[in-house]
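>>> Structure here, sequence nowhere to be found:
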């Protein structure tokens, strides 16, 4: 593959590839499974981008013939230069390389739980894998689905709706994250807690930093005020269960990711005796019994949260 736009990952056994204007999907053996060079195009349009398969369908983006996306060569990220209305449209293909949903959508999200959030003619709809609308929303900003629910942002607040466009309940939040493992993180007055799929707050907002639930646990952080630190405080982090009970004790100067296959990736930041961050951290994995393994050292100074 000789393309500088190859950033995708395998999904449903296929890898989407753009190679100098040639769009196709590879199998895990490196063989071309779907070649889109003969995909039927609306008049005056050409392929612009293809995306990963989810629920058996993949988004395909088209644009006006002759337009080229801009790559300045100054960044690893490819920026699309064509943003004027009416040029990009989206549709869905199946694994036979045929249109299931014609490319006449203004926006589209990948199918999750059999539902895509799409925009057409200024309206937002929830659409099923047959291309039929399940519901048409009265809202102008809705996320894609996760575990049966989407987030709507309206008037500086957000709330959850089901596939029919109905609210879970009347609760609104300052910010919210998608459902994961039956729980969703919500922010009220700059503190994070969690709701369940009924919309009930089951873990009261009191945390400063959080990650999504996975395998029944979520890492959360509390802010500790103490003189001598650069900002007069530091964070401690540990794991809670879905009742809010602490399952892995809080520790300071650590940052955890969610559990995957029984392990969580962690970082322990190295501080000097005068309580200043040195720019170094130790990498490790932790299991649910808090046993550590696979330690590495790093001098990376980016202390943003891990995935």
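Now that the structure is in, tell me what you want to look at. Just so it is clear, the structure is predicted and the values come from calculations on it, not from any experiment. Numbering: from 1, shown residues only.

>>> So residue 224 is in contact with residue 236, correct?
Yes: taking C-beta atoms under 8 Å as the definition, residue 224 is a contact partner of residue 236 at 5.8 Å. The C-beta positions use only the backbone N, C-alpha and C, and glycine is treated the same way.

>>> more crowded one of those two?
Shown here are residue 224 and residue 236; by other C-beta atoms under 10 Å, residue 236 has more neighbours (16 against 12).

>>> Let me know the helix or strand that the more buried one is in.
Per DSSP states H and E, residue 236 falls inside strand 233-240.

>>> Can you list the strands that the one helix or strand residue 50 maps to pairs with?
For residue 50, the host element (DSSP H and E) is strand 45-54. With DSSP bridges as the test, strand 45-54 is paired with strand 57-64 (antiparallel).

>>> I would like the residues contacting the strand holding residue 50, please.
8-9, 11-12, 14, 16, 18, 23, 25, 36, 39, 41, 58-67, 69, 88-89, 95, 103, 110-112 (C-beta atoms under 8 Å, 6 or more residues apart in numbering).

>>> Selecting buried members of those in ChimeraX, what would you type?
Only the buried entries of these go into this ChimeraX selection, using 16 or more other C-beta atoms under 10 Å:
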select :8,14,16,18,23,25,36,39,58,59,60,61,62,63,67,88,89,103,110,111,112
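
>>> can you tell me which of the contacts of strand 45-54 are in strands?
Using DSSP state E, the members of the contacts of strand 45-54 that fall in strands are 16, 18, 23, 25, 58-64, 89, 103.

>>> the strands in the stretch 101-250 of the chain, which residues?
In the stretch 101-250 of the chain, the segments counted as strands under DSSP state E, counting those that start in this stretch are 107-108, 116-120, 123-127, 133-136, 150-154, 157-161, 175-176, 184-188, 191-195, 201-207, 209-210, 218-225, 233-240, 246-252.

>>> export the ones you listed to TSV and tack on distance to residue 286?
Output for the strands of the stretch 101-250 of the chain, formatted as TSV (distance: least, C-beta to C-beta, whole Å):
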stretch	distance to residue 286
strand 107-108	38
strand 116-120	36
strand 123-127	39
strand 133-136	41
strand 150-154	30
strand 157-161	31
strand 175-176	27
strand 184-188	21
strand 191-195	21
strand 201-207	19
strand 209-210	17
strand 218-225	10
strand 233-240	9
strand 246-252	7
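
>>> Those: lowest mean pLDDT?
Lowest mean pLDDT within those: strand 209-210, at a mean of 75.

>>> partners of that one in the sheet?
So strand 209-210, judged by DSSP bridges, has these partners: strand 218-225 (antiparallel).

>>> Any stretches of the chain with poor pLDDT?
Within the chain, the set of residues satisfying pLDDT under 70 comprises 1-7, 67-86, 230-231, 291-307.

>>> now do 50
Scanning the chain for pLDDT under 50 picks out the ranges 71-86, 299-307.

>>> Please name the bridge partners of residue 62.
For residue 62, the beta-bridge partners are residue 47, residue 89 (DSSP bridges).

>>> so it sits right up against residue 40, yeah?
No: in this structure, residue 62 is not within contact of residue 40 by C-beta under 8 Å, at 10.8 Å.

>>> Grab the nearest non-local neighbour of the residue positioned nearest the centre of the chain.
By C-alpha atoms, centre = their mean, the chain has its centre lying nearest to residue 178, at 8.7 Å. In this structure, residue 178 finds its nearest non-sequential neighbour in residue 146, 3.7 Å apart by C-beta to C-beta, 6 or more residues apart in numbering.

>>> and the residue lying closest to residue 172 once chain neighbours are set aside, what are its bridge partners?
Nearest residue to residue 172, sequence neighbours excluded (C-beta to C-beta, 6+ apart): residue 157, at 4.2 Å. Beta-bridge partners recorded for residue 157 (DSSP bridges): residue 154.

>>> And for residue 136?
Beta-bridge partners of residue 136, counted by DSSP bridges, are residue 125.
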